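K.L.:
After the sequence you'll find the predicted model.
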Amino acid sequence: MSKRKINPLTRDFYERYIRFSEILHNAWITFKVQDEVVRIIETQSNAEPLRSSIILETASPVSAGNRAPSRIPGNNLPGIVRRAFKSDMPVSILLNAIGLFEALIGDVARIAYVSEPERFLLRGFNKTGDVENVGEKENVKLLETLINSTTREEAIERYVEERLRGIFYGNPSDLFDKNRLGFDLYKTMATKCKGEINLFKEITARRNVIVHNLGRIDNKYVREIKGTDFNPGDKVTVDAQYLFDALRTLNILAVHYVNAVSMCTVHEPLPSRRTAHIISA
């Protein structure tokens, strides 16, 4: 049986999803092998000459003028790796995954908008699909874009960039519950991915307290995440189970989103090899 010929736009969407999913997969595998890495390092670093050898001597890029150069002996290595594995690494993976997810959402939307600017840019995006009123401020932005662009294509690209700039401000679930992006996601994702959308809301709220509040729960988190067991001042963590659930949630949302955009633009689903088990679930 011959392979289905894939629309170039669908292929473009699909390749971006594959790149995103592979980064998440590889990050998880790297995280999970750290137990074995720590075990090997502990075994090796307890033996001479590594135990007492200086394995690293370096100046710090942080407040170097007030710090002596760091000299790390071999017997310090397990503790450093263990700290990275248990604390630093899962947080870094989570923050990077959320950033990549947001980039995927914007990138796929940009491709769709540029492919059919008349369809997606000449109307407002609200839940009913009605045209929204465009205010004076929006008119001025559009006029500036046109004046400062040398070609039609450049003007469209710049306008799309401006339009997508603030899509993650406000309630993150609005991207999927409403028609902010113009792909009728509220018809395809709001019900089918309801659990994942709620988890995404908590994931982004936790990201915000990690980045902006030193990992301490604030009143904003408690207001946004109804029924949470956290209280203001509690310290949030990212353990292995939370990281697994977060990466799984982002991947499921990514598949459904990219597939919905492909169906909306060219009426063609994503290739089934890496997506069918999620879309049909």
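P.N.:
Happy to help now that I have it.

K.L.:
List the buried residues of the one helix or strand residue 13 maps to.
P.N.:
Per DSSP states H and E: residue 13 is located in helix 8-32. Neighbour-count burial for helix 8-32, counted by 16 or more other C-beta atoms under 10 Å, picks out 9-10, 12-14, 16-18, 20-21, 24, 27-28, 31. In this view, the C-beta of every residue, glycine as well, is placed from N, C-alpha and C.

K.L.:
Helices of the stretch 101-250 of the chain, start to end?
P.N.:
Here the stretch 101-250 of the chain has its helices, by DSSP state H, counting those that start in this stretch, at 117-121, 136-147, 152-164, 174-177, 185-188, 194-212, 219-224, 240-266.

K.L.:
just the strands in the stretch 1-150 of the chain please.
P.N.:
54-58, 70-73 (DSSP state E, counting those that start in this stretch).

K.L.:
winner for burial among those strands?
P.N.:
Each of the strands of the stretch 1-150 of the chain was scored by mean neighbour count; the highest is strand 70-73, a mean of 12, by mean count of other C-beta atoms under 10 Å.

K.L.:
pLDDT of that strand, averaged?
P.N.:
Computed over strand 70-73, the mean pLDDT rounds to 86.

K.L.:
what's the answer for stretch 185-196, then?
P.N.:
For stretch 185-196, mean pLDDT rounds to 92.

K.L.:
Kindly check the end-to-end length of that stretch for me.
P.N.:
End-to-end distance of stretch 185-196 (C-alpha to C-alpha, to the nearest Å): 14 Å.

K.L.:
in that stretch, what counts as buried?
P.N.:
Neighbour-count burial for stretch 185-196 [16+ other C-beta under 10 Å]: 185, 186, 188, 189, 190, 192, 193, 196.

K.L.:
which among those residues gets closest to residue 76?
P.N.:
Set against residue 76, the nearest of the buried residues of stretch 185-196 by C-beta to C-beta is residue 196 (41.3 Å).

K.L.:
got the contact list for the closest one?
P.N.:
249, 252, 253 (C-beta atoms under 8 Å, 6 or more residues apart in numbering).

K.L.:
okay, the buried residues of helix 8-32 in TSV with distance to residue 276 and pLDDT next?
P.N.:
Below are these laid out as TSV (distance: C-beta to C-beta, whole Å; pLDDT from 0 to 100):
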residue	distance to residue 276	pLDDT
9	19	94
10	14	94
12	19	95
13	15	95
14	12	95
16	18	96
17	13	97
18	14	96
20	17	97
21	14	97
24	18	97
27	24	97
28	21	97
31	27	94
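
K.L.:
Just flag the most distant two among these.
P.N.:
Among those, 9 and 31 lie farthest apart (C-beta to C-beta), at 34.0 Å.

K.L.:
about what we covered before: quick check: the farthest pair among the buried residues of stretch 185-196?
P.N.:
Longest span within these, C-beta to C-beta: 186 and 196, 14.6 Å.

K.L.:
how many other residues sit next to residue 48?
P.N.:
9 (other C-beta atoms under 10 Å).

K.L.:
Also residue 117?
P.N.:
Other residues near residue 117 come to 17 when the count uses other C-beta under 10 Å.

K.L.:
gap between it and residue 152?
P.N.:
As for residue 117, its distance to residue 152 is 9 Å (criterion: C-beta to C-beta, to the nearest Å).

K.L.:
Thank you, goodbye.
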